[in-house]
Structures are given as C-alpha cells and as structure tokens.
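Peer 1: Next comes the sequence, and after it the predicted model I'd like to discuss.
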There are 2 protein chains.
Amino acid sequence: MKSAKAKAHTNIALIKYWGKKDPKLFLPMNSSLSLTLDAFYTETEVILDGNLEMDQFILNDEIQGEAETTKISNFLNLFRQETGILTPAKVTSQNFVPTAAGLASSASAFAALGAAMNEVSGMKADPTTLSTFVRRGSGSATRSVFGGFVEWQMGTCNEDSHAIQIDDASWDIAMVTVAVNTGKKTISSRQGMQLTVDTSPFYASWVETAATDLVDIKQAIRNQDFQQLGEITESNGMKMHGTMLGARPPFTYMEPTTIDVLAAVRQLRQQGFEAYYTMDAGPNVKVLCHLSDSEKIQMKLKEAFPNNPVIISKVGGGIELLS
Amino acid sequence: MKSAKAKAHTNIALIKYWGKKDPKLFLPMNSSLSLTLDAFYTETEVILDGNLEMDQFILNDEIQGEAETTKISNFLNLFRQETGILTPAKVTSQNFVPTAAGLASSASAFAALGAAMNEVSGMKADPTTLSTFVRRGSGSATRSVFGGFVEWQMGTCNEDSHAIQIDDASWDIAMVTVAVNTGKKTISSRQGMQLTVDTSPFYASWVETAATDLVDIKQAIRNQDFQQLGEITESNGMKMHGTMLGARPPFTYMEPTTIDVLAAVRQLRQQGFEAYYTMDAGPNVKVLCHLSDSEKIQMKLKEAFPNNPVIISKVGGGIELLS
C-alpha cells in the first residue's frame, strides 16, 4: 500500500469563470483570475490498495455512494491513463469549506485530490501540468494549485488550459466572507452557466469584456492599485450575475440578505474602507479588503448581520503535500 | 379664461423602454409595448388665465416650486410654439399614483396634462400626434395616450416616434402590483438608463433582442396566448435589470423584499396560476395575470407580504376629457 496526503485551498475568482467551451475537457470560454484563500481548504489522502476491488470515497467521515464515488473514479482515471497504474484507491477527504454554497468547495477538493494522486501514483507532474489535470475535475480547481493571485489561462486545448501565479498577494489583502445561505443551491453552477451560455443575449459581451477586465486587473495587481483591483472585481462579478437575468428563463442567485450585504459593503466604502464585493454562483458575498481593515470590517458586518457567519481569510498558498 | 380637464392612466411596459437615442426629443433606443392600467391615473386641469404673469403648478393640493413649475412650462411651450397662444396657465393636478416608485407617475401626469392642453389651446391634435407631444414630457407618457396594449414605435424623428393601440386587452387580463417601497428612488430612471447606455456592455444586445421580443409579444397578443405573453414579459423585464448589473459602477433597483416577491410569483405558477412578473426602474413588482385569478392572487400575496400594499388593476383606457 502506498499513500499520499495533500492540502489545497479554495479560491475566489475576481475575474469569473462562467461558461464552458468544451464541457468534457472543462475548457472555459474565458480566462479568469482568482485569489487563493487560506481559511477554506480540503485535506485529502489517497491510499492505493491492491486489496480493494474498486475505489472508495470517504468525505467528512461519511462513506459516499455510487454517484459521488464514480465522479472521483473518473477523475483518478486521468492519472491512471497517464501512469498505467490501476490499483484501486481509498480516498479520504476532509472539507473545511461549507459545501455547495458558492464557496467553491469543488476547487479545493479536486486540487487536493489531484495533488495527492499526482504524488502517490508517481506521476509527479509539475504544478502547471497538474493544473491541467485537476481542471478536469472542476474548472475552478485549476486555480487552486497555486497561491495568491492566480490566472487560469483558457488556452486552446487540454494541454495549454492551465493556471499560473501572477503575484503572491503578500501585500495588505484579505477576503471577508458573509455566508448568506450555506445550504444546497437550487441551480448548480454547472446548470447555471450552461443555461446562460445557451440563452443569454449578454453572453457574447461577457466573454469579450472579461478579456479586457483580465488585462486591466493584471495591470492593477502589478501597480498594487487596490482601488482599481476592487472596482474591476466588483464590476466583473456583477456583470456575471447580469448575464443570468438575461437567460431564458431568467434566474438569480441573489437572496434578500444578499441585497442587504451588498448595500452594507457600499456603506463601508462611504465610511472610508476600501472594500469591494464579489459573488459566485450562490447567495454568499465575498468582500475584498485590506487585511489591516479586516477585523473592523468583520465587526461591522457581524453587527449588521448577527445571524450570518462572517469569516476573515488571509491570502492562501498553493497545494501542499502533508505526508 | 378657458379651461379643460383630462384624465390619463399610467401604463406598465411589458417590453421596456430603456435608453434614449435623443435625450432632448425623448427618442428611445428601442420600441416598447405596455398595458394601460385602470387603477393608477392622473387628473389635470389647465386654465389659461391672462391675469397670471407666469405658469402656476399645483400638484396634489400643493403649490410647486420653480424647478417643478419650469418642467411644466417647458412642456406647455411645445403647445405654445404650435398654436401661438401664449396665455399663462394654471395647472392643477391630482395624482392617483404613488410618486417616483417605479409606478411611472410621470406617464399619466404628462399624458393628462398634454390632453388638457391639447384641448384648451385649441390645438386639438389627434391622439397619435398628441402622443408625440406628451413623449417630450416623459417617454413612457407616449403610451398612456391609449388604452389596452400599446406600442410606442421608436420612429426616426420627432414626428414619427409615437404610440398606437395594438389591442384593447379586453380579454381576461389584470395586473397586481406589490408595492415594495414607494419612497423616492436613489437613482432616477433617467440617470439609470443613461449610465446603462454609457457603460453597460450588455446594452447593444438589449436593444437588439428587445426588437425580437416586441415582434414575439405582438404575435402572442394576436393569438391571445397568455403563457407566451407572460414569458416574454418576464424575460424582457429581467433582461433590462441585467443590463444594470453590467453598468459601471453596477447598480440594481432590487430590494430584499423584491427578491422574495419574485420567488412568490414563481411559486404561484407552480400552484397553477398563470402569473408573470415585471419590474420597472424601482423595487416594486407588477404581476401580469388573469383578471379572474386576480383576487386569489392578491389574497395570497397579501398573506405572504402583510406589510406591503397589494393592488389589483384592471386594464385601463386611453385619455379622457373630463370637462
């Protein structure tokens, strides 16, 4: 029996990934850029065990059923094709991310699983190549291979659609998450993006302007221009949500409290804080701010939303092997 | 002294007017289509009085200040240019519409004022021509000249940007309004549409697909196909709100309760009611439904939103001279 254990952090896109060019290979319609978060992560151990007949998957101490296990097996098969090693795997995963609430648990999940399998299978691909493997588990996992500001370059094919680190974000940066609803979503991000690609007349403009936003935000990162960084983040995120109102039928991930949180962040800005919101395919709000302001911002948001978890995260690093 | 008094109803656009091609002439970027509502209206009397030095404007029993009165004078000047009659006017207006809450009080206001001035000045233009005059007071007033389903044909110049009645909507149709917030808006529709035209990458697609929506909804009206009518209404309205999330900075008129009302209407549909929502540049929700269902729908919405006025309206007619 051989084993490896890895940890990966989740990431929050500032320039969003929204729509697939190739649903099978998870090639995206546009390049994206994210910030890796320290506070939300997944730890996964992979044991290759010749005594097993088939793969086993244990998530948060619960043995998973066929549907979930098949997803994992399909992902592990990518490594098996590459290495020729077919030994069944026991996968034990602990998620330190509220599941399916727009906090992208699948990003850290597939990045951690990929990193552990990369090690235990002896494939030992470099991180950039590894990012093309984890991409096929979940698109946003691509970016969780690295820490700090990470670009997922859309590329043109399986091999060149990968992540690179843009900046380690070791300046005064944090993200405060206001959890509005951590229950299961009624529309998965996969369904939501497909409906948008298929029916929203805004989609072409989304793709076009996401490209410009990416150029602009990279310039803001180079200049460490926080206001520009925040304004582009806020604009790009809301634009993604605008594409959904253009879909047929129209849909939104916003909930009543979401609307209040967005207003509270605008109010924080009026009070002089550099704080900017973004939202993924869910009702939760993530606030990009200075680490040095984050406790004050957390306090103010807790006061305004006493029933909602408000969590600070520092900038996180890339994948780590734990054993 | 000569006087005339007229009444005009407000209207709710099913295909929205959103953006001006010519802000001075109120030429719109796209044609629109509305339903005239019986329950919301304005009554306005115009007295031409040679003893006055300047125009006077009394709204809801309050004498209005210079800013409001100047707006009225500018509008009356259009008729003065046409007729040569310069006698100052005393304008007395009663608004049976909550002001500035997305219920388009300016539509019924300028339609009623235009109709009274058309009469008292002796201009006596036909309704189609009159609609080009009232357009220059407020774009949506163009459609309030007629009853039932009304199209505002965008046209190419001052003379041909006018309204026509498409259908008197004397089938089983009503609109139920849920008032979410009837206070003054933070972003006027004029500001909102201008910001959208200037900065939203979705705006071109809005204009393009509003044209298709208009063709499709007119077909649905001809066929008295209520489901098609409702689905196009809902899609077009949300699309307009999607353009705002694309603006820079992004903005929305949605409030927390708005989100809940939209969900409640979707639930009504699941219960078998043909009910579809639309929203103007404000947080209130208008529900297109069958008149025969409207009391049940009103009851259910009142139960769900006990703090919000829920008002049924039948289909309204065009402008009327009252004396």
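Peer 2: The structure has been received and is ready for your questions. Numbers count the residues shown, from 1 in each chain, chains lettered A, B, ... in the order given.
Peer 1: ok, the residue of the stretch 51-200 of chain A found nearest chain B - contacts?
Peer 2: Taking Cβ to the nearest Cβ, chain B has its nearest neighbour within the stretch 51-200 of chain A at residue A:200, 7.9 Å off. All C-beta atoms are positioned from the backbone trio N, CA, C, and that covers glycine. Contacts for residue A:200 (Cβ atoms under 8 Å, 6 or more residues apart in numbering or on different chains) come out as A:206, A:243-244, A:246-248, B:242.
Peer 1: just these now: which is nearest residue A:10?
Peer 2: Using Cβ to Cβ, residue A:244 comes nearest to residue A:10 of the contacts of residue A:200, at 21.9 Å.
Peer 1: Beyond the helix or strand where the closest one lies, next helix or strand please.
Peer 2: Using DSSP states H and E, residue A:244 sits in helix A:226-245. Next along the chain after helix A:226-245, taking DSSP H and E as the criterion, comes helix A:256-270.
Peer 1: Mind checking if that next one is in reach of chain B?
Peer 2: Yes. Under the criterion of Cβ under 8 Å from any Cβ of the partner chain, chain B is reached by helix A:256-270 at A:256-260.
Peer 1: What's the per-residue pLDDT of the spatially closest residue to residue A:14 that is not a sequence neighbour here?
Peer 2: Using Cβ to Cβ, 6 or more residues apart in numbering or on different chains and skipping the chain neighbours, the partner closest in space to residue A:14 is residue A:233 (4.2 Å). Looking at residue A:233, its pLDDT is 98.
Peer 1: which ones are touching residue A:233?
Peer 2: Residue A:233 touches A:14-15, A:217, A:276, A:278, A:288, counting by Cβ under 8 Å, 6+ apart.
Peer 1: Just the buried ones from these?
Peer 2: Among these, the ones that count as buried by 16 or more other Cβ atoms under 10 Å in any protein chain shown are A:14-15, A:217, A:276, A:278, A:288.
Peer 1: which of those residues lies closest to residue B:4?
Peer 2: Nearest to residue B:4 among the buried ones among the contacts of residue A:233, with distances taken as Cβ to Cβ, is residue A:276, at 54.7 Å.
Peer 1: wait, doesn't that closest one sit right on residue A:288?
Peer 2: Yes. With contacts counted by Cβ atoms under 8 Å, residue A:276 reaches residue A:288, the gap being 4.8 Å.
Peer 1: Overlap in contacts, these two.
Peer 2: A:229-230, A:233.
Peer 1: Rebuild those as TSV, extending it with distance to residue B:19.
Peer 2: Output for these, formatted as TSV (distance: Cβ to Cβ, whole Å):
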residue	distance to residue B:19
A:229	30
A:230	28
A:233	26
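Peer 1: Let me know the closest of the residues you listed to residue A:89.
Peer 2: Closest to residue A:89, out of all of the shared contacts of residue A:276 and residue A:288 and judged by Cβ to Cβ, is residue A:233, at 37.9 Å.
Peer 1: which strands and helices sit next to the top strand by length along chain A?
Peer 2: With DSSP state E setting the assignment, residue counts place strand A:32-48 as the longest strand in chain A. Strand A:32-48 is packed against strand A:2-15, strand A:89-95, helix A:105-120, strand A:149-153, helix A:203-222, strand A:310-313, with contacts defined by 3 or more Cβ pairs under 8 Å, 6 or more residues apart in numbering or on different chains; DSSP states H and E.
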